[in-house]
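Visitor: coordinates only, sequence not included:
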């Protein structure tokens, strides 16, 4: 078991590093020139040379790679992921501020989406072909076709502008509040640590609409998967046997859910990995300073170290999420480990 | 003889697809105003002259909604077709002639699919230059692995069928068997996926321009239109963002519905 985890981690870290190095070369092979942003219109040859030197792209590609990896100071192996070309701060310190906002947003959205999808999916699975069943199919189809950023705007229009029950879509806290001391950079957790319940309530309020937007769409695939998986298990022989043995409905329900959980967990993992970068549009609508917003700025400013850093961090997180979910799957169904 | 009932989902999907293709060709000429020229007052609510109102720079929203499929739908359809043709070809080869090439192809598409799609698309489009042609290339590149995977797994099951054996016995070359017989029987999953992929492509194209990493304003494009109306929606100027969003949502739904209906029909 421990060997399995270690091997997966080792392979995964190598893979993430490989992806990042591939990105390193690809972004340098493409025609965009990061110098143009710095020198402005009508640059002199000297200013171009200076700017190229300042960014370190006058060195050979190999030397640049060594710099990125951290052989000449801040880099991947020193843990800082190098310095941003825009702010001069280390990429790690910038990701450490933005990532928690994104994680907080998507974890909350998944909790809400699963809390809706699993009970409804279980209820509709009992009557395949019924009205509810068709409703689930229709909702899945509908949710998959929606531009989430547009729904975010609609929710802002309805709940903030028209009804006035949601806070202004500008960040995580009311502007007149001072942010609690940054310990974890998760505003919800930091405000609890500081014992600042006003800030906690404000942060929770600011989360409602973005979470509503994301979970509104996440419910679609999760609901469909729960329903399919549940109805497959419900028609299996061991459930029939439990029913024939006169077990209570509750206990049958519990063992059905347990057997039906694996594909739901797998889908959650895939969607989670997707959301790490997919949440960017919702972050943008609600002005949340998350990883998505950070990556948009990095790309548009041609801030190569930041782009590389974001991709490395997302790959590593997805890796841990997939591993964690696989271990959870093995806990639910130990047969998986035998394969 | 029993009359075949047409799946209403398929009907709705096909009508929407036909409409979107029609607008991609004729939308510009149908538009009552020039979609890139200010028509007078800005931020005017919907009226008899301007059905969907005008936006913050005085452009007619209705004309822009009609003209946008030339960008959104054209990009997504072209990219989906290119990736389907490429992916089906590669998938056929990798599935029929298993071996080292097949292994390498699958590893590459594994890695491509494990990438954060939105960021990768953003990086590639921004660095190659934000225009329609580059968007098509990037989307086609990102969606090819899906078709490789689908076709390959179908080919893997088809190649052991008896008809392959029969074709071989009657003296067909391996290449002929693969391209004439196996390919024809392995197309169904890709055809379903093609329709769904157009929908993804529209969402991605609009999303990229929404964050400023897609085609440039004032190109009539749904994502740009939603973005341009976004700051004003809390000033009650809802029409600039709402109408293009409905257009995206209906169009993508149409492609997804058709894909799903074809899949259901193929399973019967």
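Guide: In hand now; what should we look at? Quantities reported herein were computed from a predicted structural model and do not represent experimental measurements. Numbers count the residues shown, from 1 in each chain, chains lettered A, B, ... in the order given.

Visitor: near chain B, which residues of the stretch 51-200 of chain A show up?
Guide: The interface of the stretch 51-200 of chain A toward chain B, taken as CB under 8 Å from any CB of the partner chain, is made up of A:141-142, A:144-147, A:149-150, A:153-154, A:156-157, A:160-161, A:168-169. All C-beta spots, glycine's among them, are computed from the backbone N, C-alpha and C.

Visitor: what's the most distant pair in those?
Guide: The two members of these with the most space between them (CB to CB) are A:141 and A:168, at 33.4 Å.

Visitor: Settle it for me: which of these two has more neighbours?
Guide: Neighbour count, other CB atoms under 10 Å in any protein chain shown: between residue A:141 and residue A:168, residue A:141 has more, with 19 against 14.

Visitor: how near is the residue lying closest to residue A:258 once chain neighbours are set aside to residue A:236?
Guide: For residue A:258, ignoring the flanking residues on the chain, the nearest one in space by CB to CB, 6 or more residues apart in numbering or on different chains is residue A:332 at 6.3 Å. Applying CB to CB, to the nearest Å, the value for residue A:332 to residue A:236 is 16 Å.

Visitor: Can you tell me how far the closest residue to residue B:36 other than its chain neighbours is from chain A?
Guide: Once its chain neighbours are removed from consideration, residue B:36 has its nearest residue in residue B:218; the separation is 5.1 Å (CB to CB, 6+ apart). Computed as CB to the nearest CB, to the nearest Å, the residue B:218 to chain A distance reads 19 Å.

Visitor: if we can go back for a sec, among the residues of the stretch 51-200 of chain A next to chain B, which ones are in helices?
Guide: Secondary structure assignment (DSSP state H) places A:141, A:142, A:149, A:150, A:153, A:154 from these within helices.

Visitor: Quick check on these: which are buried?
Guide: Members of those that pass the buried threshold by neighbour count (16 or more other CB atoms under 10 Å in any protein chain shown) are listed as A:141, A:142, A:149, A:150, A:153.

Visitor: Using the three-state scheme, assign the residue nearest to residue B:36.
Guide: In the three-state summary, residue B:218 is assigned as coil, counting by DSSP: H, G, I helix; E, B strand; the rest coil.

Visitor: right, and it touches residue B:59 too?
Guide: Yes - in this structure residue B:218 lies within contact range of residue B:59 using CB atoms under 8 Å: 6.8 Å.

Visitor: what about the two, which has more around it?
Guide: Each of residue B:218 and residue B:59 has its neighbours counted (other CB under 10 Å); residue B:59 has more, 24 against 16.

Visitor: and that one, what does it touch?
Guide: Residue B:59 makes contacts with B:35, B:36, B:37, B:38, B:39, B:218, as judged by CB atoms under 8 Å, 6 or more residues apart in numbering or on different chains.

Visitor: Write the ChimeraX selection for whichever of the residues you listed are buried.
Guide: Filtering the contacts of residue B:59 down to the buried ones (16+ other CB under 10 Å) takes a single ChimeraX command:
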select /B:35,39,218
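
Visitor: Which of the contacts of residue B:59 sits closest to chain A?
Guide: Checking these against chain A by CB to the nearest CB gives residue B:218 as the nearest, at 18.6 Å.

Visitor: Just list the residues touching that closest one, thanks.
Guide: When the contact criterion is CB under 8 Å, 6+ apart, the partners of residue B:218 are B:36, B:57, B:59, B:224.

Visitor: So among those residues, where is pLDDT lowest?
Guide: Comparing pLDDT over those, residue B:57 scores lowest. The value there is 84.

Visitor: Just confirm it is within a strand.
Guide: No - looking at residue B:57 with three-state DSSP, it is coil, so not inside a strand.

Visitor: Look up phi and psi at it.
Guide: For residue B:57, the backbone dihedrals (degrees, to the nearest 10) come out as phi -110, psi 10.

Visitor: For stretch A:312-326, what is the distance to the chain centroid?
Guide: Centroid separation for stretch A:312-326 versus its chain: 10 Å, with CA atoms, centre = their mean, to the nearest Å.

Visitor: is it anywhere near chain B?
Guide: Yes - remark: stretch A:312-326 sits within contact range of chain B at A:314, A:315, A:318, by CB under 8 Å from any CB.

Visitor: Mind listing what's buried along stretch B:156-163?
Guide: Buried positions in stretch B:156-163, judged by neighbour count with 16+ other CB under 10 Å: B:156, B:158, B:159.

Visitor: next one: stretch A:171-186
Guide: For stretch A:171-186, a neighbour-count test (16+ other CB under 10 Å) marks A:171, A:172, A:173, A:174, A:180, A:186 as buried.

Visitor: now the helices: where do they sit in the stretch 1-150 of chain B?
Guide: With DSSP state H, counting those that start in this stretch as the definition, the stretch 1-150 of chain B shows helices at residue ranges B:8-30, B:61-67, B:72-96, B:100-113, B:117-128, B:132-158.

Visitor: Which of the ones you listed has the highest mean neighbour count?
Guide: The highest mean neighbour count among the helices of the stretch 1-150 of chain B, using mean count of other CB atoms under 10 Å in any protein chain shown, belongs to helix B:61-67: a mean of 25.

Visitor: Let's test this: mean pLDDT of that helix, rounded?
Guide: Across helix B:61-67, pLDDT averages out at 93.

Visitor: what does it contact?
Guide: Applying CB under 8 Å, 6+ apart, the contact partners of helix B:61-67 are B:23, B:27-28, B:30-35, B:50-55, B:220, B:222, B:225, B:239-240, B:243-244, B:247.

Visitor: per-residue confidence at the closest residue to residue B:265 other than its chain neighbours?
Guide: Nearest in space to residue B:265, with sequence neighbours left out and distances taken as CB to CB, 6+ apart, is residue B:7 at 6.5 Å. Here, the pLDDT recorded for residue B:7 equals 84.

Visitor: Over to residue A:338?
Guide: You'll see residue A:338 listed with a pLDDT of 61.
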